[in-house]
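Novice: missing the sequence, but the structure's below:
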């Protein structure tokens, strides 16, 4: 069972989070800290007593915006521990997700926290902290939670990919994706309706979606060949227009892209 530390400078939010955590049968104990300083004192004590000691902590549910050190600062400090606890960020701000997962966070829960969404975060933590069949837990596993996988069609290519926004999982059709941009080990999918961040590397999407006509045009970008509206060559520089977006094509990929577009134009 999990030993939890929850950190939030807003008392009502902390009390609600602790109530929900203590109601989960997978949580052995849940303590609170009102700021980063208090949390670090508690975490240092846990480090001193060791993973089997009475003050041990398996996971920290961590707010991001706090006075003094932020939750991201705390996570960076914890990364220096020999055996750091797992991290789940709980925040009202969606735009720190990339930074959070770069710090190997297990999950990123948006406020207001829903019981069902928090239970999913606890499940992910529990799977890593107490892996089945005695298998060792892995920090790498925190970077590939279930929401990073896609559902596959019979031909082995993905029909939809799940994306999470505000604690709600949506399924975006791959055919609706116009281009993809890399964000470290994550990717941002662009559609006509907006964009969605998913926890999956660009190289993985390139391999899976090549049969659907996605090609690399830059080390940090894939584009759906059928969504290219215009190819422009100007003073040796190559760009493509996809809807209203104008995307640079690297020299390394320019010739291949031109050949693919020519073959497509010829049917």
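Specialist: Great, that's in hand. No experiment lies behind these values; they were computed from the predicted model shown.
Novice: the stretch 51-200 of the chain: helices as residue ranges?
Specialist: Remark: helices assigned in the stretch 51-200 of the chain by DSSP state H, counting those that start in this stretch are 71-78, 97-102, 115-129.
Novice: in the longest one, which residues are buried?
Specialist: Of the residues in helix 115-129, 117, 118, 120, 121, 122, 124, 125, 126, 127, 128, 129 count as buried by neighbour count, 16 or more other C-beta atoms under 10 Å. Quick note: C-beta positions are derived from backbone N, CA and C, even for glycine.
Novice: kindly report the same for the first one.
Specialist: Within helix 71-78, the residues that qualify as buried by neighbour count (16+ other C-beta under 10 Å) are 71, 72, 74, 75, 78.
Novice: next one: the second one
Specialist: For helix 97-102, a neighbour-count test (16+ other C-beta under 10 Å) marks 97, 98, 99, 100, 101 as buried.
Novice: which helices and strands sit right next to it?
Specialist: Packing partners of helix 97-102 (3 or more C-beta pairs under 8 Å, 6 or more residues apart in numbering; DSSP states H and E): helix 71-78, strand 107-110, strand 186-191.
Novice: can I get these in a markdown table including mean pLDDT and distance to residue 37?
Specialist: Converted to a markdown table, the helices and strands packed on helix 97-102 look like this (pLDDT from 0 to 100; distance: least, C-beta to C-beta, whole Å):
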| stretch | mean pLDDT | distance to residue 37 |
| --- | --- | --- |
| helix 71-78 | 91 | 10 |
| strand 107-110 | 87 | 23 |
| strand 186-191 | 89 | 30 |
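Novice: which one, of the ones you listed, ends up nearest to residue 9?
Specialist: The closest of the helices and strands packed on helix 97-102 to residue 9 is helix 71-78. By C-beta to C-beta, the value is 9.9 Å.
Novice: now do the closest one: distance to the chain's middle.
Specialist: In terms of C-alpha atoms, centre = their mean, to the nearest Å, the centre of helix 71-78 is found 17 Å from the chain centre.
Novice: quick one, domains of the chain?
Specialist: 2-133, 157-265 (automatic domain parsing).
Novice: which one of those is the most hemmed in?
Specialist: Across the domains of the chain, averaging neighbours per residue (mean count of other C-beta atoms under 10 Å) puts domain 2-133 on top, at a mean of 18.
Novice: all strands of the stretch 51-200 of the chain, in order?
Specialist: For the stretch 51-200 of the chain, applying DSSP state E, counting those that start in this stretch gives strands covering 59-62, 86-91, 107-110, 151-152, 158-165, 168-173, 177-183, 186-191, 194-198.
Novice: quick check: which ranges of this structure have low pLDDT?
Specialist: Along the chain, the parts satisfying pLDDT under 70 run over 130-158, 165-169, 267.
Novice: for the buried residues of helix 97-102, which one is nearest residue 11?
Specialist: residue 100 (23.3 Å).
Novice: assess the claim that the closest one and residue 72 are in contact.
Specialist: Yes - the pair residue 100 / residue 72 is scored as a contact, 7.2 Å apart, by C-beta atoms under 8 Å.
Novice: list the residues that contact both of the two?
Specialist: residue 64 (C-beta atoms under 8 Å, 6 or more residues apart in numbering).
Novice: any chance of a markdown table for the buried residues of helix 97-102, columns distance to residue 28?
Specialist: Output for the buried residues of helix 97-102, formatted as a markdown table (distance: C-beta to C-beta, whole Å):
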| residue | distance to residue 28 |
| --- | --- |
| 97 | 28 |
| 98 | 32 |
| 99 | 30 |
| 100 | 25 |
| 101 | 26 |
